[in-house]
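> This is a predicted model, with the sequence first.
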Amino acid sequence: MLSWPILSLMLLLPLVGALVIAAIPSHGEAEERNARWISLWVTLVTFALALILTWRFDLKSADFQFEEKHRWLEGAIVYHLGVDGISLPFVVLTTGLMPICIIASWSAIQSRVKEYMIAFLVLETLMVGTFVALDLVVFYLFFEGGLIPMFLIIGVWGGPRRVYASFKFFLYTLLGSVLMLLAIMALYWDAGTSDIPTLLHHGFPPSLQKWAWLAFFASFAVKMPMWPTAGSVILAAILLKMGGYGFLRFSLPMFPAASHDFAPLIFALSVVAIVYTSLVALVQEDMKKLIAYSSVAHMGFVTMGIFAATTQGIAGGIFQMVSHGVVSGALFLCVGVIYDRMHTREIAAYGGLVNRMPLYAVAFMIFTLANVALPGTSGFIGEFLTLIGTFRINTAVATFATLGTILSAAYALWLYRRVIFGVLDKPALALIRDLDYREIITLGPLAALAILLGIFPQPVIDLSAASVAQLIDGYSHALNSANAAALLLR
């Protein structure tokens, strides 16, 4: 175990980088170049710290590790940090994708570069803080604080309807957050603490469990999403995972009886998300919208697996979120590559790109096949495990969910065929150039991960195995105790 506060350092480092960038004097191109390089090095060092965490992490222990505790707000709230096998994969995913996002936006962002890099570094602190917070109030501050930089990133540097999208994203998320804050206050009054490890073993009364579960669900489902919201690389790759993480950290262990009672609702919503949004994706003419709807469909497997509450289901849900973070983020980057060249996301504007962009065609093919969940790619492992875990609990739900794998092949391969294959007969595409070295640096590691995790998934599965086993044991014990108490009352 490390003796120095590595988690606090991971939270502080991006903020220090943001302050350094803010202090850079305005000197035109030099100012922008320095902002980019500082952001890149800060995110790389933060990722290196996450790798140290993983290297020193005890795989056999289900307890929280690397804990830090400091009194705050007269002792009523404690600055409490720590990671376990459920949170650590998301910390690594977040810190690993941030340098890639910085490199991907190196030339794409030309206006307000300093402000953009500052917003991204602040967002990194808030996202990592969400996954390492072990106090409910501290978690809430990080969880909702991420709204502010994301609101700015979407509203200032987004697409043509960026202002509308940013306000829609903010209002949807804020509505669920108000309900979660009320639930946090109720949990504090009942348990007398907001310390998450204590609350996990408190045992809340059934009535409180039900309405608190619904309040947390409202906040997590928007971030998941279980219905579509505006998207971007960082939104699809990381922010959406906060909802799934919230279900794993709070809904199942703190409200087991309510999770069991509401599981049919989650199954129904998951199947709708998988099947309906896949059908909607089939009729899209905009590449980014198609991938956004695809993200909703694939995250339906996550919620289905989590609330099946089986070892395979939860392990598959965690793996699917990691895989989805890599694959969906890469697909959005692929859209960005050709958008930067042609300034359109309309599928009909492309065709025959394999003739001019063979490297791009290979990269896009890898991520498309991973999105389809082809065996040998990371997408297959997560979906297969969630389906197995759900099949043990509800055969009908798992059967309907498999329709999503068929539909995903339909819309993903249709997109690939329209964009990559065919005759290169559009004059605007005659001189389009292939991937440059910067784009190879961003897409190359993601392509390698999509294949590596499909062939050798054990690192992610082993990382969360002990914590998943403890979660299942606690959930089963709580349900058995509740059922025994109900029998005694009869």
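Perfect, thanks for sending it. Residues are numbered from 1 along each chain as shown.
> Could you pull up the residues touching G317?
244, 248, 301-306, 382, 386 (CB atoms under 8 Å, 6 or more residues apart in numbering). The way it works is simple: take the backbone N, C-alpha and C, and place the C-beta from them, glycine included.
> and if you look at K114?
21-22, 24, 31-32, 35.
> 10 Å instead, please
18, 21-22, 24, 26, 31-32, 34-36, 38-39 (CB atoms under 10 Å, 6 or more residues apart in numbering).
> Please apply the same query to Q110.
Counting by CB under 10 Å, 6+ apart, Q110 has contacts 32, 116, 157.
> May I see those residues organised as TSV, with pLDDT, distance to S107 and neighbour count added?
Output for those, formatted as TSV (pLDDT from 0 to 100; distance: CB to CB, whole Å; neighbours: other CB atoms under 10 Å):
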residue	pLDDT	distance to S107	neighbour count
E32	82	11	20
Y116	88	12	25
W157	74	13	19
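> how near is the residue nearest to A191 when sequence neighbours are not counted to R249?
Computed as CB to CB, 6 or more residues apart in numbering, the closest residue to A191 that is not its neighbour in sequence is H202, at 4.7 Å. Distance of H202 to R249, computed by CB to CB, to the nearest Å: 14 Å.
> Using JSON lines, lay out the contacts of Q110 together with secondary structure.
Shown next, in JSON lines, are these (DSSP: H, G, I helix; E, B strand; the rest coil):
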{"residue": "E32", "secondary structure": "helix"}
{"residue": "Y116", "secondary structure": "helix"}
{"residue": "W157", "secondary structure": "helix"}
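> which among the residues you listed gets closest to T344?
Nearest to T344 among those, counting by CB to CB, is W157 at 18.1 Å.
> dump the residue contacts of that closest one.
105, 108-113, 115-116, 119, 232.
> export the contacts of Q110 to CSV and tack on distance to I441?
Converted to CSV, the contacts of Q110 look like this (distance: CB to CB, whole Å):
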residue, distance to I441
E32, 19
Y116, 19
W157, 21
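> in the stretch 51-200 of the chain, which spans are helices?
Counting by DSSP state H, counting those that start in this stretch, the stretch 51-200 of the chain has helices at residues 88-104, 113-132, 136-145, 147-157, 162-191, 196-199.
> ok, D425 - contacts?
Residues near D425 by CB under 10 Å, 6+ apart: 351-352.
> do the same with F364
330-331, 334-335, 337-338, 353-354, 357, 415-416, 419-420, 443, 447.
> In which helix or strand does it reside?
Element membership for F364, per DSSP states H and E: helix 358-371.
> In that helix, which residues are buried?
Residues of helix 358-371 classed as buried: 360-361, 363-364, 366-371 (neighbour count, 16 or more other CB atoms under 10 Å).
> Could you tell me how far it lies from the centre of the chain?
21 Å (CA atoms, centre = their mean, to the nearest Å).
> before we move on, what about stretch 190-207?
Using CA atoms, centre = their mean, the offset of stretch 190-207 from its chain centre is 26 Å.
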